[in-house]
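J.: Quick one: sequence plus predicted model below, questions after.
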Amino acid sequence: MTQTRADFHEHYQASAQAEALRLFEQKAVLQGAWLNWVASQIYALRPAAYASMVRRELMRLQEISEN
(Lines give C-alpha, C1' and ligand atoms only; values in the text may rest on other atoms or scores of the structure.)
Protein backbone atom coordinates (compact mmCIF):
# COMPACT_ATOMS: atom_id res chain seq x y z
CA MET A 1 0.00 0.00 0.00
CA THR A 2 1.37 3.38 -0.95
CA GLN A 3 1.35 6.20 1.52
CA THR A 4 -0.46 9.30 0.29
CA ARG A 5 0.94 12.75 0.81
CA ALA A 6 -1.76 13.42 3.41
CA ASP A 7 -0.88 10.22 5.27
CA PHE A 8 2.80 11.13 5.23
CA HIS A 9 2.04 14.63 6.48
CA GLU A 10 -0.23 13.37 9.26
CA HIS A 11 2.31 10.77 10.34
CA TYR A 12 5.27 13.17 10.49
CA GLN A 13 3.64 16.49 11.44
CA ALA A 14 4.31 16.32 15.20
CA SER A 15 7.88 15.16 14.63
CA ALA A 16 8.53 17.93 12.10
CA GLN A 17 7.15 20.54 14.51
CA ALA A 18 9.32 19.23 17.36
CA GLU A 19 12.42 19.16 15.15
CA ALA A 20 11.78 22.70 13.89
CA LEU A 21 11.38 23.93 17.45
CA ARG A 22 14.63 22.21 18.48
CA LEU A 23 16.45 23.88 15.58
CA PHE A 24 14.82 27.26 16.22
CA GLU A 25 15.78 27.20 19.90
CA GLN A 26 19.44 27.04 18.88
CA LYS A 27 19.17 30.42 17.16
CA ALA A 28 19.81 32.35 20.38
CA VAL A 29 22.69 30.04 21.29
CA LEU A 30 24.49 30.02 17.95
CA GLN A 31 23.53 33.56 16.87
CA GLY A 32 25.50 34.44 13.71
CA ALA A 33 26.52 30.83 13.11
CA TRP A 34 22.92 29.61 13.26
CA LEU A 35 21.99 30.03 9.61
CA ASN A 36 24.78 27.80 8.27
CA TRP A 37 24.24 25.31 11.09
CA VAL A 38 20.47 25.05 10.58
CA ALA A 39 20.91 24.69 6.81
CA SER A 40 23.25 21.74 7.37
CA GLN A 41 20.82 20.17 9.84
CA ILE A 42 17.90 20.43 7.42
CA TYR A 43 20.04 19.15 4.53
CA ALA A 44 20.77 15.99 6.54
CA LEU A 45 17.09 15.19 7.15
CA ARG A 46 15.48 12.36 5.20
CA PRO A 47 13.26 11.83 3.40
CA ALA A 48 13.26 15.10 1.48
CA ALA A 49 9.52 15.56 2.07
CA TYR A 50 10.16 15.47 5.82
CA ALA A 51 12.97 18.02 5.47
CA SER A 52 10.54 20.28 3.62
CA MET A 53 8.00 19.96 6.42
CA VAL A 54 10.65 20.94 8.98
CA ARG A 55 11.75 23.88 6.80
CA ARG A 56 8.17 25.16 6.47
CA GLU A 57 7.60 24.85 10.21
CA LEU A 58 10.86 26.70 10.88
CA MET A 59 9.72 29.51 8.59
CA ARG A 60 6.45 29.68 10.52
CA LEU A 61 8.30 29.93 13.84
CA GLN A 62 10.52 32.65 12.38
CA GLU A 63 7.50 34.67 11.25
CA ILE A 64 5.87 34.36 14.66
CA SER A 65 9.03 35.53 16.43
CA GLU A 66 9.30 38.58 14.17
CA ASN A 67 5.73 39.75 14.85
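T.: Looks like it arrived, so ask away. On a predicted model such as this, the values are computed, not experimentally measured, just so you know. Residues are numbered from 1 along each chain as shown.
J.: For the rest of this, base every contact and every neighbour count on C-alpha atoms.
T.: Will do.
J.: what about the longest helix in this protein?
T.: In the chain, with assignment by DSSP state H, the single longest helix is helix 5-25.
J.: where in the chain is pLDDT low?
T.: For the chain, applying pLDDT under 70 flags the ranges 1.
J.: what's the helix or strand for the residue positioned nearest the centre of it?
T.: In the chain, the centroid-proximal residue (C-alpha atoms, centre = their mean) is residue 54; its distance is 2.1 Å. Per DSSP states H and E: residue 54 is located in helix 48-66.
J.: Go through that helix and flag the buried ones.
T.: Buried residues in helix 48-66, counted by 16 or more other C-alpha atoms under 10 Å: 50-55, 57-58.
J.: Relative to the whole chain's centre, how far out is it?
T.: Relative to the centre of its chain, helix 48-66 is centred 5 Å away, using C-alpha atoms, centre = their mean, to the nearest Å.
J.: That one versus helix 5-25: what angle between them?
T.: Angle, helix 48-66 to helix 5-25, by axes from the mean of the first three to the mean of the last three C-alpha atoms, to 10 degrees: 50 degrees.
J.: before we move on, the earlier item: so which of the buried residues of helix 48-66 comes closest to residue 67?
T.: Closest approach between the buried residues of helix 48-66 and residue 67, by C-alpha to C-alpha: residue 58, at 14.6 Å.
J.: Chain neighbours aside, what residue packs nearest to that closest one?
T.: Leaving aside its sequence neighbours, residue 58 sits nearest to residue 20 (C-alpha to C-alpha, 6 or more residues apart in numbering; 5.1 Å).
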